[in-house]
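Student: This is the structure alone, sequence omitted:
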């Protein structure tokens with residue numbers, strides 16, 4: 001089960017990355033061992049993801065930026081990388097969610113227009129970077145991604161203002177959930193949980209890699225640890 005959960009997480013993460021990089025005009029390539037970006041992507045994206053526990057240093061040695069060693073099994077220090085972070089893979093098996101009315105006043109919007117993608121992008125940037133963070137529209141989340149029906153972008157609004165964001169990518173085997181973020185001034189009100197619930201498909205496993213602070217949130221939604229990943233960085 002451990003390797004099954006890791007494989008599902010790595011597969012979905014690679015598909016999500018490929019979709020965004022394609023929208024940015026950046027090519028990527030994939031084989032049975034690893035997914036790779038073929039040009040440097042924006043810093044928030046990984047440049048490579050291992051897809052098999054059989055992947056080794058030679059599969060990643062030529063990469064720059066941040067690579068994801070999905071099984072935490074490769075030593076890249078001799079190739080000039082340093083460990084940036086380690087995170088667990090969380091997996092939720094298929095199954096219904098318990099009823100939950102959600103927080104009062106929250107409107108969940110699925111981005112379906114360039115303006116809504118821009119709103120999603122800014123909410124995400126501010127959720128991770130602070131209330132005053134900004135980004136050139138489309139620099140990391142371009143509207144061209146709307147052509148991919150497997151990708152979902154959700155924005156949470158309260159009184160018409162964006163307060164949270166989350167995104168997912170659906171593969172035939174699982175739903176990968178990414179970038180769940182709430183503006184600092186709106187945290188602790190259940191918005192992240194509500195957006196995550198909206199992205200879960202009870203008919204498929206769901207996978208994500210949470211920060212330590214968010215682990216309890218996802219455990220309440222039925223997720224459990226399935227393995228761990230290691231991020232290696234070389235600038």
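Tutor: Received, thanks. From a predicted model like this one, the values you see are computed outputs, not experimental measurements.
Student: What's the separation between the most centrally placed residue in the chain and residue 15?
Tutor: For the chain, the residue sitting closest to the mean C-alpha position, by C-alpha atoms, centre = their mean, is residue 178 at 2.5 Å. As judged by C-beta to C-beta, to the nearest Å, residue 178 and residue 15 stand 11 Å apart. All C-beta spots, glycine's among them, are computed from the backbone N, C-alpha and C.
Student: quick one, what contacts residue 177?
Tutor: Neighbour list for residue 177: 166, 167, 168, 196, 199, 200, 206, 207, 208 [criterion: C-beta atoms under 8 Å, 6 or more residues apart in numbering].
Student: Output the residues you listed in CSV, with neighbour count and distance to residue 113 appended to each entry.
Tutor: Formatted as CSV, the contacts of residue 177 follow (neighbours: other C-beta atoms under 10 Å; distance: C-beta to C-beta, whole Å):
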residue, neighbour count, distance to residue 113
166, 29, 18
167, 25, 16
168, 27, 18
196, 25, 23
199, 23, 19
200, 21, 24
206, 28, 26
207, 28, 28
208, 27, 26
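Student: Next, the buried residues of the helix ranked longest in the chain.
Tutor: Longest helix in the chain, counting residues (DSSP state H): helix 2-23. Going by neighbour count (16 or more other C-beta atoms under 10 Å), the buried part of helix 2-23 is 5-23.
Student: Partner strands of whichever helix or strand comes after that helix and their direction?
Tutor: For helix 2-23, the following helix or strand on the C-terminal side (DSSP states H and E) is strand 28-30. Sheet pairing here is set by DSSP bridges, and for strand 28-30 it gives strand 34-37 (antiparallel).
Student: quick revisit: where's the residue nearest to the centre of the chain relative to residue 65, distance?
Tutor: 17 Å.
Student: Can you list the low-confidence ranges for the chain?
Tutor: 1-3 (pLDDT under 70).
Student: Do you have the strands of it handy? List them.
Tutor: For the chain, the strands defined by DSSP state E occupy 28-30, 34-37, 48-50, 65-69, 82-92, 106-110, 151-158, 161-170, 175-182, 206-208, 224-234.
Student: ok and the fifth one relative to strand 224-234, angle-wise?
Tutor: Interaxial angle, strand 82-92 versus strand 224-234 (axes from the mean of the first three to the mean of the last three C-alpha atoms, to 10 degrees): 160 degrees.
Student: Provide the strand pairings for strand 82-92, with the direction of each partner.
Tutor: Looking at strand 82-92 with DSSP bridges, its partner strands are strand 206-208 (antiparallel), strand 224-234 (antiparallel).
Student: ok, back up a step: possible to save the strands of the chain as JSON lines with distance to residue 129?
Tutor: Converted to JSON lines, the strands of the chain look like this (distance: least, C-beta to C-beta, whole Å):
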{"stretch": "strand 28-30", "distance to residue 129": "25"}
{"stretch": "strand 34-37", "distance to residue 129": "22"}
{"stretch": "strand 48-50", "distance to residue 129": "24"}
{"stretch": "strand 65-69", "distance to residue 129": "17"}
{"stretch": "strand 82-92", "distance to residue 129": "17"}
{"stretch": "strand 106-110", "distance to residue 129": "21"}
{"stretch": "strand 151-158", "distance to residue 129": "16"}
{"stretch": "strand 161-170", "distance to residue 129": "12"}
{"stretch": "strand 175-182", "distance to residue 129": "9"}
{"stretch": "strand 206-208", "distance to residue 129": "20"}
{"stretch": "strand 224-234", "distance to residue 129": "18"}
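Student: Fine, thanks again, bye for now.
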